[in-house]
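Visitor: The following comprises the amino acid sequence and a computationally predicted model.
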Amino acid sequence: MGQTADLAPADKKLYALRDVTATVDNMSLIASSIMSKKLAAGADAIVLDVKTGSGAFMKSREDAFALAEEMVKIGKNAGRKTIAVISDMDQPLGRAVGNALEVKEAIATLRGEGPEDFKELCMVLGSRMLLAGSKAESVEEARNMLTNVIRDGSALRKLEQFVEAQGGDPAAVTDPELLPKASMVVPVCADRDGFVEKIACEDIGICSLLLGGGRETKESEIDLSVGILLEKKKGDAVKKGEVLGYLHANDEKRLEAAKEKFRSAYFITDYQPEAEPLIKRDFTVTYSGIRFHIVLYENEENAIEKRKMDRFPAVTQGCLYGSTAGDADGKLRSLD
């Protein structure tokens, strides 16, 4: 959600001031800029997905944690139920990069067919939203609710309603083949055996830009059909000549530049890297009478630390309940 003339209009002026005063990177100003739009939109429950890693604005976990804490504090002080989830952006989420390709992946996920990492993040964020909205009493109940609406097709029908309400063609939700398609689909293959050690997120983003999937200048037109489909993700074994990904393109010259950038984004080594958890941390501010789970975990089934609070009046005074691998005593830490 961005600033507009009607939604948090002062944010644009404040950003211009930050630009000329070298305070664009100031944590408090970043947090206030993000939260100003959420609060102005009138939300009484807010779930924030704070990214960390090479493809995120906050490269380090420490900075991501600090930003999440700051935003949760702002939400709490404004009287909103606020949850921040720290999630991994050291590699692209899912397998699709590009406008129409990502829409297709989202539709597939609402059918229960999407990539596992993308599905899991949707379940984590969706379950927290149901908790914040007092629609579920526990994470387990919330996840079951989400699973049911995917299974019975009502989630997909809701997307159709969203598309129609915004003047789009809801038939594309039922038949994603109606979405824009590129004229060329070209594989890019590995030049050696090994394991994918790293995928440089920013380079993948630049690759999509080179194909025409983003604006290089203010006047640039976005090609909705181009993009990338990843076949290999971090930790995957790969053989020489095996496809790493497919580039969807409409221009030969752009395609050649994108190929080079795509190859440079993949780092292949002899040893399989350790798997990184998708979810780094889950911050929750609770209010008296509302029950939340606060978890640091690799996934819902394999919690590193999992605790539950029912009624805890002290939390209404601005405390954040958190635990990490190195801070697993479950103490309440004041944000004031």
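Guide: Good, I have the coordinates.
Visitor: in the stretch 151-300 of the chain, which spans are strands?
Guide: Applying DSSP state E, counting those that start in this stretch to the stretch 151-300 of the chain gives strands spanning 184-189, 194-199, 227-230, 237-238, 243-249, 266-269, 279-284, 292-299.
Visitor: Out of these, flag the one nearest E113.
Guide: strand 227-230 (14.4 Å; CB to CB). C-beta here means a position set from N, CA and C on the backbone, and glycine is covered the same way.
Visitor: by contact count, what packs against the closest one?
Guide: Counting by 3 or more CB pairs under 8 Å, 6 or more residues apart in numbering; DSSP states H and E, the packing neighbours recorded for strand 227-230 are strand 96-97, helix 99-110, helix 201-211, strand 243-249.
Visitor: Between the strands of the stretch 151-300 of the chain, which one is closest to K12.
Guide: strand 279-284 (28.0 Å).
Visitor: Show me the shaky parts of this protein.
Guide: By pLDDT under 70, the weakly predicted segments of the chain are 1-3, 5, 281-336.
Visitor: Show me what the residue nearest the centre of it is bridged to.
Guide: By CA atoms, centre = their mean, the chain has its centre lying nearest to D49, at 5.8 Å. D49 has the following beta-bridge partners by DSSP bridges: V85.
Visitor: And it, how close does it get to A22?
Guide: From D49 across to A22, the span is 28 Å (CB to CB, to the nearest Å).
Visitor: same deal with G55?
Guide: 24 Å.
Visitor: out of those two, which sits in the busier spot?
Guide: G55 (20 against 8; other CB atoms under 10 Å).
Visitor: counting contacts, what elements does the strand or helix carrying D19 pack onto?
Guide: Element membership for D19 (DSSP states H and E) is helix 10-20. With contacts defined as 3+ CB pairs under 8 Å, 6+ apart, the packing partners of helix 10-20 are helix 27-40.
Visitor: Give me the contact list for the helix it packs on.
Guide: Helix 27-40 is touched from outside by 1-3, 7-8, 10-11, 14-15, 18, 23, 46, 48, 57, 63, 66-67, 70-71, 74-75, 78, 80, with contacts defined as CB atoms under 8 Å, 6 or more residues apart in numbering.
Visitor: Let me know the angle separating that helix from helix 10-20.
Guide: 170 degrees (axes from the mean of the first three to the mean of the last three CA atoms, to 10 degrees).
Visitor: Only alpha carbons, please: show helix 27-40 as PDB.
Guide: Provided in PDB are the C-alpha atoms of helix 27-40 (Å, rounded to 0.1, in the frame of the first residue of the first chain):
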ATOM      1  CA  MET A  27      14.800   3.000  11.500                       C
ATOM      2  CA  SER A  28      12.100   5.000  13.300                       C
ATOM      3  CA  LEU A  29      11.300   7.000  10.200                       C
ATOM      4  CA  ILE A  30      11.000   3.800   8.100                       C
ATOM      5  CA  ALA A  31       8.700   2.300  10.600                       C
ATOM      6  CA  SER A  32       6.500   5.400  10.900                       C
ATOM      7  CA  SER A  33       6.300   5.700   7.100                       C
ATOM      8  CA  ILE A  34       5.100   2.100   6.700                       C
ATOM      9  CA  MET A  35       2.700   2.200   9.600                       C
ATOM     10  CA  SER A  36       1.200   5.600   8.700                       C
ATOM     11  CA  LYS A  37      -0.500   4.000   5.700                       C
ATOM     12  CA  LYS A  38      -1.800   1.000   7.600                       C
ATOM     13  CA  LEU A  39      -3.300   3.200  10.300                       C
ATOM     14  CA  ALA A  40      -4.700   5.700   7.900                       C
END
